[in-house]
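[1] fold the following.
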Amino acid sequence: MNKLKVSFMVAAMLLLSGVSSCASDARQPVDHASNQQVKQTETGSSNDAYASIPSDEIQHGQTEVEFLWDAKDPYYGYNNLPVAARVHIDSIDGGRTFSPITNQYVIAQTIGKMTVREVYKGDVKPGDQLNYSRGGGIVTFDEYWSSLNQQQKDKAVSQNNGRRPTPEKKYVEKKFIDDIDIEVGKEYVVFLLPQSSKDGKLHEYLMDGFQFGLREVKGSGAETTVLNNETKEWESLGSVVKLP
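    Here you go, the predicted structure:
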């Protein structure tokens, strides 16, 4: 079983060590809807909200997170997730650290829209356009700071002469070690977990498994192949999903 085990707190402290020691004591509330709208506005006609963010405005940080995935079992995602499908990534709508689905703070996620091309398992249908979320993403520093628990914040403040760190860059990217970037316009085989808000008004599909659960796909029919993100080799579709 593949288990990644370094705590998020350690990663958070490493990231915060890169910010300026000049700081203000005031903590500004984060308007989640406003931040998301800013990212969509910046994007303009692009379907990739990240594309318009200048690279020199992003502070990069990698995180190890504990999750279970049997990398030795090629059908682990297919057998353990309720939906397996080939999808086209229509958009990256931005990043978030507060999920309206769970109504709580989360480690940075990327959200967007995808269209189902083929279904190998589950109750979605070809042609369905679905909302997706995925671990890892780019958010503003204020959003990132708000997602930290109190212990993490207290430690950062104590290491910064009793003041909240001031970021040197506007955005923070949280990416999980060995994971890959999702790309607009590409097609992937994904393993999905349907999620809904408590009131039933919001619906999305969580892409599970990080680099194991997002497999770029090309070709059609018997010629379909999927990319192994570990070996960088193209493999048959039947190596990751069970076909009729």
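[2] every contact and neighbour count from this point should use C-alpha atoms.
    OK.
[3] Glu176: what's it in contact with?
    Not Glu; residue 176 is Phe. 62-65, 135-136, 210 (CA atoms under 8 Å, 6 or more residues apart in numbering).
[4] and the closest residue to it other than its chain neighbours, how far from Glu173?
    The shortest distance from Phe176 to any non-neighbouring residue, by CA to CA, 6 or more residues apart in numbering, is to Thr63 (4.7 Å). Distance, Thr63 to Glu173, by CA to CA, to the nearest Å: 10 Å.
[5] and those two? Which one has more around it.
    With neighbours defined as other CA atoms under 10 Å, Thr63 and Glu173 compare such that Thr63 has more, 24 against 21.
[6] was I right to think the more buried one contacts Lys174?
    Yes: between Thr63 and Lys174 there is a contact at 6.7 Å, judged by CA atoms under 8 Å.
[7] before we move on, the earlier item: which of the contacts of Phe176 scores worst on pLDDT?
    The weakest per-residue confidence within the contacts of Phe176 falls on Val65 (64).
[8] not counting sequence-adjacent ones, nearest residue to Val83?
    Nearest in space to Val83, with sequence neighbours left out and distances taken as CA to CA, 6+ apart, is Gly122 at 4.3 Å.
[9] ok, that neighbour to Leu193 distance?
    When CA to CA is the yardstick, Gly122 and Leu193 sit 10 Å from each other.
[10] when these two are compared, which one has more neighbours?
    In this view Gly122 and Leu193 are compared by other CA under 10 Å, and Leu193 has more residues nearby, 18 against 15.
[11] could you pull up the mean pLDDT of the helix or strand hosting the more buried one?
    With elements delineated by DSSP states H and E, Leu193 resides in strand 187-196, which encompasses its position. Summarised as a single mean, pLDDT over strand 187-196 is 98.
[12] what's in contact with it?
    Where contact means CA under 8 Å, 6+ apart, the residues beyond strand 187-196 that reach it are 77-78, 81-89, 101, 202-209, 213-218, 226.
[13] tabulate the CA atom coordinates of that strand in CSV.
    In CSV, the C-alpha atoms belonging to strand 187-196 read as follows (Å, rounded to 0.1, in the frame of the first residue of the first chain):
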residue,chain,number,x,y,z
GLU,A,187,-8.4,13.9,-21.8
TYR,A,188,-7.8,11.7,-18.8
VAL,A,189,-9.0,8.4,-17.3
VAL,A,190,-10.1,9.4,-13.9
PHE,A,191,-11.5,7.8,-10.8
LEU,A,192,-14.2,9.9,-9.1
LEU,A,193,-16.0,10.2,-5.8
PRO,A,194,-19.4,12.0,-6.1
GLN,A,195,-19.9,14.7,-3.5
SER,A,196,-22.9,17.0,-2.6
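[14] mind listing what's buried in that strand?
    Counting neighbours by 16 or more other CA atoms under 10 Å, one finds that the buried residues in strand 187-196 are 187-195.
[15] continuing past that strand, what's the next helix or strand?
    Using DSSP H and E, the helix or strand that follows strand 187-196 in sequence is strand 203-207.
[16] that following strand to strand 187-196, inter-axis angle?
    Between the direction of strand 203-207 and that of strand 187-196, the angle (axes from the mean of the first three to the mean of the last three CA atoms, to 10 degrees) works out to 130 degrees.
[17] can you list contacts of strand 203-207?
    Strand 203-207 is touched from outside by 101, 130-135, 190-197, 213-214, with contacts defined as CA under 8 Å, 6+ apart.
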